[in-house]
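Trainee: Generate a structure from the sequence data that follows.
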Amino acid sequence: MAWGYRLTVMGSREVSRCHEEHRGCAASRCQGGPIYLSSYRYVRAGGRPITVTRPLCARHARLFSMKYSQAWPGMMRRLRRPTAVGWAAMAA
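Mentor: Below is the predicted model of the structure:
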C-alpha cells in the first residue's frame, strides 16, 4: 500500500537538467516537458520503505492530483483569509 502522495513544482535547475538529459514526462508515450514532480512511498516485500519520484507534464500532474486528492501546487497561496469587511459582507 502506498502513502505520502505529493506533487511539487520543479525548480528551474531541475527543469533544465531534465531537458539536458532528454527526459520527458514519466507517463508512457507523452512528449510533454516535465514541470512537476510527483512522489509517493511504499513498502517493499522486505519491509523497507521506498520513495518514488517521477517528473510529470502539466496534464499528467493534474491527473495525478485529481486521482490522489492532492492540492494543486501554488493553489494555497491564492487563497487568502477573509478580512473583517469580508466577514461582514458574508453575514449580511
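Trainee: When you work out contacts or count neighbours from here on, use the C-alpha atoms and nothing else.
Mentor: Will do.
Trainee: just the strands in this protein please.
Mentor: 2-9, 36-43, 49-56 (DSSP state E).
Trainee: Would you check how far apart residue 30 and residue 20 are?
Mentor: To residue 20, residue 30 is 17 Å away according to C-alpha to C-alpha, to the nearest Å.
Trainee: more crowded one of these two?
Mentor: More neighbours surround residue 30 than the other of residue 30 and residue 20, with 13 against 9 (other C-alpha atoms under 10 Å).
Trainee: My understanding was that that one contacts residue 24; is that so?
Mentor: Yes - using C-alpha atoms under 8 Å, residue 30 is in contact with residue 24, at 7.4 Å.
Trainee: of the strands of the chain, which approaches residue 67 most closely?
Mentor: Smallest distance to residue 67 across the strands of the chain (C-alpha to C-alpha): 10.3 Å, for strand 2-9.
Trainee: Tell me which other helices or strands that closest one touches.
Mentor: strand 36-43 (3 or more C-alpha pairs under 8 Å, 6 or more residues apart in numbering; DSSP states H and E).
Trainee: okay, the angle between the strand it packs on and strand 2-9?
Mentor: Strand 36-43 runs at 170 degrees relative to strand 2-9, counting by axes from the mean of the first three to the mean of the last three C-alpha atoms, to 10 degrees.
Trainee: which of the residues in strand 36-43 are buried?
Mentor: 36, 37, 38, 39, 41 (16 or more other C-alpha atoms under 10 Å).
Trainee: show me the contacts for the closest residue to the third one other than its chain neighbours.
Mentor: When you say that, I think you mean residue 38. Sequence neighbours aside, residue 7 is the residue nearest to residue 38 in space, at 4.6 Å (criterion: C-alpha to C-alpha, 6 or more residues apart in numbering). Residues in contact with residue 7 (C-alpha atoms under 8 Å, 6 or more residues apart in numbering) are 36, 37, 38, 39, 61, 65, 70, 72, 73.
Trainee: re earlier: for the strands of the chain, give me CSV that also has mean pLDDT.
Mentor: Below are the strands of the chain laid out as CSV (pLDDT from 0 to 100):
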stretch, mean pLDDT
strand 2-9, 86
strand 36-43, 91
strand 49-56, 91
